[in-house]
Structures are given as C-alpha cells and as structure tokens.
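S.K.: below: sequence and its predicted model.
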Amino acid sequence: MLSSHIKKTGNSLEKTEKGSWVMKYIISGILGAAALGLMATAASAGTLEDVKAKGFLQCGVSTGLAGFSAPNDKGDWQGLDVDFCRAVAAAIFGDGTKVKFTPLSAKERFTALQSGEIDMLSRNTTWTINRDTALGLNFVGVTYYDGQGFMINAKKLPGVNSALQLSGAAVCVQTGTTTELNLADYFKANKMEYSPVVFEKLEEVDAAYDAGRCDVYTTDQSGLYGIRLKLSSPDDHVVLPEIISKEPLGPAVRQGDDKWYHIVKWVYFGLLTAEELGITQANVEEMKASGNPEIKRVLGTEADTKIGTDLGLGNDWVVNIVKAVGNYGEVFERNVGQGSPLKIARGINALWTKGGLQYAPPIR
Amino acid sequence: MSQDIGYVRTEMALPQPAPLRERGPLAWMRKNLFANPFDSVLSIVGFFIVAMIVPPLFNWAIVNAQWTGTDRTFCATVAQGGIQPDGWSGACWAFVKAKFGQFMFGRYPLDERWRVILVAIMFVALLVPLLVPRIPRKGLNSVLFFLVLPVVSYFLLIGGVFGLPHVETPLWGGLLVTLTLSFVGIVVSLPFGILLALGRRSKMPVVKMLCVIFIETVRGVPLITVLFMASVMLPLFLPAGVSFDKFLRALIGVSLFASAYMAEVVRGGLQAIPKGQYEGADSLGLSYWQKMGLIVLPQALKLVIPGIVNTFIGMFKDTSLVYIISMFDLLGVVRQNFSDAAWASPQTPASGLVFAALVFWIFCFGMSRYSIFMERRLDTGHKR
C-alpha cells in the first residue's frame, strides 16, 4: 500500500513539473506572438503599401452564408463576397489567390476592421449612415441590393400573393435582428395583426418554418432563396414580391486612407464596367486587341494611359480582375444566380442598362 | 428383513434444473420486467418508446441513408430538386464524406495535412502505453508525452521551420482544434488546479487570498464572456496592428477556466481526508510538501477521480464555445458547412449534427470508461 502511495506521489509531482513547463511554453508563445505583432506594426504607411509588403490581402468574410461566403468541399471559400476579395487581390498582385480570409461574426466584424486585423471587410454588411459616420467605415459601393422579404407556405395560406394580405398570420423571425423590427414596423404601418414566432438561431427558424409552426418566414430575400433549398417541399412555398426594407450590402474599408478606399471602390466599378462592355473571363485576351477606345481605356491597352498607375495599380488592373473572377455578371451568376443552387434572379442587381441599379462612373 | 428397511443412497442425487417458472427468458422477464403491476406498466411504456424510436432511426441512419454523392441533388427528393423519390427521408452521409477532411482538419492546407496525421499518430502511440498500467517505462513515456510531444507538435503544426511551410492558426479547425484545446486544457488544468486548491487551503493569508480571488473571479464569469472580451475588446486596447493569435487567446481562456474548476474539485477531495491523516503526517515530521505529496494528495485525488474526469469531459465539450470568436472546432466546422449552397438540403443539418455528436460521444465515453477503470484500480483500502 505504501509503495502504491509513493508511486502515486511520484506521478503527481511529475505532473506539477509538467504544469510549470506548460506555463513556460505558453508564456514563450505569448512573447512570440507579441513580437510578431510588433513586427507587424513597424511597417504602417498606407494600407496598399502594407498589403504589398505582406504579399497578400487580408479580407474579412462571414462565418458562412450561402452564396456569399461559404467553404466548398475542399475547404476553399466561395461566394460573391469572397470573389470580391479575390478581385481586389487580383487588381493589386495580378493574382486572385493572394488573399487570406478571416471569418468574422456579426459582432466582431467592425472591430476587426478598426483594429487593422483585416484590410477590408466584404461580409454582407448593410450600408447605413451610422456605420459610415459613428463606426468610422467607408462603404465602397453596393455589391448586392438586398431587402427584407416574405416567404409563405402556399398550402396554409392559399390565394395570398401580396404581403398586404398577411393579416393574422404567424410569422417566423430571428430575434434580436433589424428584421424583427422591420417586420413590426411594416405590420403596424399597414394596420395588420400578426403573431411573431421568434427564435435565437437561424437554423431553429428554418426548422420551425419547415415543420409548419408558422405560415410566413421573413428575412433578407437572398436568405429566403437559401432557405428554400432546405425545405422538405419547396414547391409549396412562394416568395412574395414585396420588399419592406433596403439592405444595400457592400464591402467597407477603414476611414483615413483615401488611396486604399479608391482602389477597392474602383475594383467594384471595374467589375461593373467589364460587364457593361461585354468583357468576360473567356474573351478578355481577345478584347485587348479591340479597337473600341472605351474598351482600350478600361483594359489599359491605350497608348500612354495612366488610369491604372494613378490608382496605384498596374494599367492592366481590369484585365487581372476579369481573369481572376470574371465580370460582375459572371460573379453574380456563378455564386447566387442561375449557375448556383440558389438561382436568384438578377432583379434590381442587373446593370442600369438592363433596368437594374448597378451603375459605374466612367473609367477615363 | 431389517437390513432391507434401511436404504442408503450411494450416489448424490443429480441436481434438478430449476422449475420452469424460475428459468428461461420468460422467467427473466417476469422477474425483471413484470414483477408487479407498476413495473409492468413501466416496461410496456418503455418498450413502446423504444419501438417508436429505434426502427425509424435505424431506417433513417442506415437503410435509407445516402452514402455517396457529389452535391445536394443526391440528398434531396425530386420536389426538392434532387434525385430521391418523394417522401424519402434518410441521412446524407455523402455530405459528411465530402466534408470529412474539413471536419477533421478545418482549412488546414491539403498538402500539409500529413503533418497533422503524423502528430495524431505520435499522440496515440505515446498515449496508449501511458494509459495501460502493465506497460513499463512510464517515466520515459511521460517525458516523451508531456515534454517532447508538445514541442514537436508545435513545430510540426505551426511550421515555418525546417522547410515546413507556415500554417497560421486561423486555418486550423475541426477535430484538430477540439483536441488541441482540450489536450492543452487538461494538461495545464490538473497541476494548476491542484496548486490552487492547496493555495486556497493554505494558512498563508496572501497566498490564500490570491487563490480565492482567482478561483471565484474565473468561476463567476461565463467562459463565453471571457472569449468574447478577448476577441472583440482586446484588439481595441492594443495599438493598431498588434494582435494576439486568436487560438492562443482561446487556449489561455480555456486553460484558466478549467484550472479554477479543477481547483474546487481537488479541494473537495482535500476536505474529505480525515484530520488524523494530516496530523499523522505532521507527527512523522514530514514537511508541508512531503505531507501533501506523500499522504494527503494521493488519497484526495483518488477520491475525486469522477469529479476530475467530469471537469475534463465538460471542458472537452466547452471547446465548442470558440465558435463565437469565429474559430471553428468540430461542431463549428460542421455548422459552417451547412451554409454551402451546393449541399443545402433538408437532411444535411441533421446528418452533420449526428456525426458531430457521435465523435463527441466516442471521446467522452472513452474518457468516462477509463476513469472507471482507474477508480477500480486505485480502490485500495476503502472497499466496502
């Protein structure tokens, strides 16, 4: 018995030593990380210079939203927001793969941008005045015009084809979101009654709606299409035409670095211009030989052009963007449009020439 | 004549089998399931519950399950835009198969995953001999496991030396993160917990107060809050560009938490040791550390094995909370992949969650069984 006690003691003493060793390990880790951090601060001129010095773009994306940023089977990020990051990386480095993604929760996203953890935020973020002013962000544009919509179970609410007929319905909604507030405003403004069925997590809302605990589901319209994929009988469900809120989603950068702001903004306009001029991933090389002066200006093939260099990039910046991800239309269709399981129609996200809102100032 | 009266049996009577009502499955059922009316009702209700749950579950998980496939169409019915007949309901194991690499390694680069596998092999190869009491050379084994392995793993996983490409921790994920967090948490929390428990029962006021303050502060704050503070608030206090590795923050947070809980478990054991043991040690002239190391702790720790393992299992599962600071442990990666539109179907979430539950269960059940084994082995002297 005594020997077993001594043995045991030996063990516990050993463990104590191990503990102190582990502590040293952690402390050295902290110091190492701090040293790395300090090294990172040493170079801090402009964001473009920092990004070039690092050799990659650090881009904040969402932790997972179908069509906008989600990992594929290989674990690579895919989506509209993700492709925008790739486009910026391509414009800077001529290589769309020189980008690292930081998945961020809704609460972390602004801190990460303010603290310099990421160079730009491309995370289905709604552009609001508060975020432009109080939070110190600069939104570069609207890569996706979204809005809150309704999906109804047509079996339970036959004959309903407008949100104004929804009086008395049970509505599933995620709690603590602007969605919930917009819903309340909309029903109050139209003098209708409804009974909210609220849940903390989106997955719970999906499950409750699919199980028939409510007749109506409300969230951003892009989200409604993603949810339809998870319903057991999607044909019974209809997305109503009404959009009750404006949710312009776009990438944002920190305030105080106009050069960087312009680069990210013009990458967005570059994507739109490429679509407008019919420049696609497939034909970009042929287009370089085009005689059309507008195309020549955009692709930087005009003699002594300075458009790209004035921006701080190479003159072939649009060529690099389109080679990496295609034009805006291609990015849209591949990630959320007809080329994806979501099959969202272009709608107001079409070019201004086709009745949509996507409009780019001239590149000249 | 008289000799014919007496009859002495020369052989033992063969034992008769028990009466029919005392043996066989029927008797077993009567004894164990239908001993009285109340038992009978409970048994019947229980039987119905099992009959209602098990066959559909079996059908869902095995019979109707889709084992192969390349995208959501394999796991969706025709009405849902897939290939399965309408009314089909089965697990989508094809999803788990396609995402298996991510569930294990997160977004650790494909070409570098052999490094994680190598670490896992070394871990198992060193852990198993450590856990089996019969295998000798425990000393060397522990040195390798607790000193050499972490260093080797650190360099192998992080890289950046010996020509190995650097893999930053945001790319880590899945089971790799779950196991790393819990391994470090377990190895740090036991010794720290013991020291804190001793400190809390110490007669030195400063040491005692520091330990009480630490334990009560950490126990008084939810882990979520600490992780959240570390990920959202900390970067605002630091100068621009300085950032601690998120994974390191999570490691420290989890370790501190587990230490505080462990301290209270160990303190329970220390209090259960009769005063006579302390006094006996004192009367032998042992120093404080000898007293604790030779007499008190061996008895105390043995008493609280269930509590210790309980804390370990709790911590293993708590690692999922790193999801809120956008680090993806096994559960986080599984849930993240629900957002992949290529796999979105009504069956995908359930299949992914069942898989995650199974993996967690295997590890927790393993720990629990090993703790029972250790309890039996160390159950010396207090057998009842």
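M.R.: On my side now, so go ahead. Residues are numbered from 1 along each chain as shown, chains lettered A, B, ... in the order given.

S.K.: so how far is the helix or strand B:Ser368 falls within off the chain centroid?
M.R.: Secondary structure from DSSP states H and E places B:Ser368 in helix B:348-377. Relative to its chain's centre, helix B:348-377 lies at 6 Å (CA atoms, centre = their mean, to the nearest Å).

S.K.: with stretch B:90-103 instead?
M.R.: Centre to centre, stretch against its chain (CA atoms, centre = their mean), the figure for stretch B:90-103 is 22 Å.

S.K.: surely A:Arg123 is within a helix?
M.R.: No - under DSSP: H, G, I helix; E, B strand; the rest coil, A:Arg123 falls outside any helix and is assigned strand.

S.K.: grab the nearest non-local neighbour of it.
M.R.: Leaving out its chain neighbours, the residue that sits closest to A:Arg123 by CB to CB, 6 or more residues apart in numbering or on different chains is A:Ser62, at 4.7 Å. Every C-beta, even on glycine, is put in place using the N, C-alpha and C of the backbone.

S.K.: how many neighbours does that neighbour have?
M.R.: 26 (other CB atoms under 10 Å in any protein chain shown).

S.K.: so it touches A:Glu108, yeah?
M.R.: No - in this structure, A:Ser62 is not within contact of A:Glu108 by CB atoms under 8 Å, at 10.6 Å.

S.K.: quick check: neighbours shared by those two?
M.R.: Taking CB atoms under 8 Å, 6 or more residues apart in numbering or on different chains as the criterion, A:Ser62 and A:Glu108 do not both touch any residue.

S.K.: which pLDDT does the model give the residue nearest to A:Arg123?
M.R.: At A:Ser62, the pLDDT value in this model is 89.

S.K.: cool, and A:Glu108?
M.R.: 79.

S.K.: same thing with A:Ser3?
M.R.: 40.

S.K.: tell me how far the residue nearest to A:Arg123 lies from A:Asn182.
M.R.: Distance, A:Ser62 to A:Asn182, by CB to CB, to the nearest Å: 20 Å.

S.K.: could you list the domains of chain A?
M.R.: Listed by automatic domain parsing, the domain ranges of chain A are A:47-145+A:247-353, A:148-239.

S.K.: any bit of the shortest one sitting next to chain B?
M.R.: Yes - in terms of CB under 8 Å from any CB of the partner chain, part of domain A:148-239 sits within range of chain B, namely A:203, A:210, A:226, A:229-235.

S.K.: how about stretch B:52-71: buried residues?
M.R.: Within stretch B:52-71, the residues scored as buried using 16 or more other CB atoms under 10 Å in any protein chain shown are B:60, B:65-66, B:69, B:71.

S.K.: how about stretch A:184-204?
M.R.: A:186-187, A:194, A:197-199, A:202.

S.K.: ok, the residues you listed vs chain B, which is closest?
M.R.: Distance to chain B, by CB to the nearest CB, is smallest for A:Leu202 among these, at 9.5 Å.

S.K.: in this structure the closest one contacts A:Thr175, no?
M.R.: No - if you go by CB under 8 Å, A:Leu202 and A:Thr175 don't touch, sitting 10.7 Å apart.

S.K.: bridged to the residue nearest to A:Arg123, which residues?
M.R.: Beta-bridge partners recorded for A:Ser62 (DSSP bridges): A:Leu104.

S.K.: which residues does B:Ala350 contact?
M.R.: Counting by CB under 8 Å, 6+ apart, B:Ala350 has contacts B:Ala91.

S.K.: again, only this time at 10 Å
M.R.: A:207, B:60-61, B:89, B:91-92 (CB atoms under 10 Å, 6 or more residues apart in numbering or on different chains).

S.K.: what does B:Gly174 give?
M.R.: B:Gly174 sits next to A:75, B:99-108, B:116, B:328-334, B:336, B:356, B:359 when contact means CB under 10 Å, 6+ apart.

S.K.: among the residues you listed, name the ones in helices.
M.R.: B:99-105, B:116, B:330-334, B:336, B:356, B:359 (DSSP state H).

S.K.: most neighbours of all these, which one?
M.R.: Ranking the ones in helices among the contacts of B:Gly174 using other CB under 10 Å puts B:Val333 first, with 29 neighbours.

S.K.: doesn't B:Val322 make contact with that one?
M.R.: No - using CB atoms under 10 Å, B:Val333 makes no contact with B:Val322, being 11.2 Å away.

S.K.: return every residue with contacts to both of the two.
M.R.: B:173, B:177-178.

S.K.: can I get those in TSV with distance to chain A, neighbour count and secondary structure?
M.R.: Formatted as TSV, the shared contacts of B:Val333 and B:Val322 follow (distance: CB to the nearest CB, whole Å; neighbours: other CB atoms under 10 Å in any protein chain shown; DSSP: H, G, I helix; E, B strand; the rest coil):
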residue	distance to chain A	neighbour count	secondary structure
B:Gly173	8	27	coil
B:Val177	13	25	helix
B:Thr178	17	26	helix
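
S.K.: so among those, where is pLDDT lowest?
M.R.: Among these, B:Gly173 carries the weakest pLDDT, at 88.

S.K.: in the stretch 51-200 of chain A, which spans are strands?
M.R.: In the stretch 51-200 of chain A, the strands defined using DSSP state E, counting those that start in this stretch lie at A:57-62, A:70-71, A:77-78, A:99-104, A:120-126, A:137-139, A:144-146, A:148-153, A:169-174, A:194-199.

S.K.: state the helix or strand in which the residue in chain B positioned nearest to chain A lies.
M.R.: Chain A sits closest to B:Pro191 of chain B, with a gap of 2.7 Å, by CB to the nearest CB. Using DSSP H and E, B:Pro191 maps to helix B:174-200.

S.K.: that helix versus helix B:348-377: what angle between them?
M.R.: With axes from the mean of the first three to the mean of the last three CA atoms, to 10 degrees applied, the angle from helix B:174-200 to helix B:348-377 works out at 40 degrees.

S.K.: mind checking how far helix B:174-200 is from the chain centre?
M.R.: 13 Å.

S.K.: show me what secondary structure element comes after that helix.
M.R.: helix B:205-220.

S.K.: check what contacts that next one and list those residues.
M.R.: By CB under 10 Å, 6+ apart, helix B:205-220 touches B:192-193, B:195-202, B:204, B:226, B:253, B:256-264, B:267.
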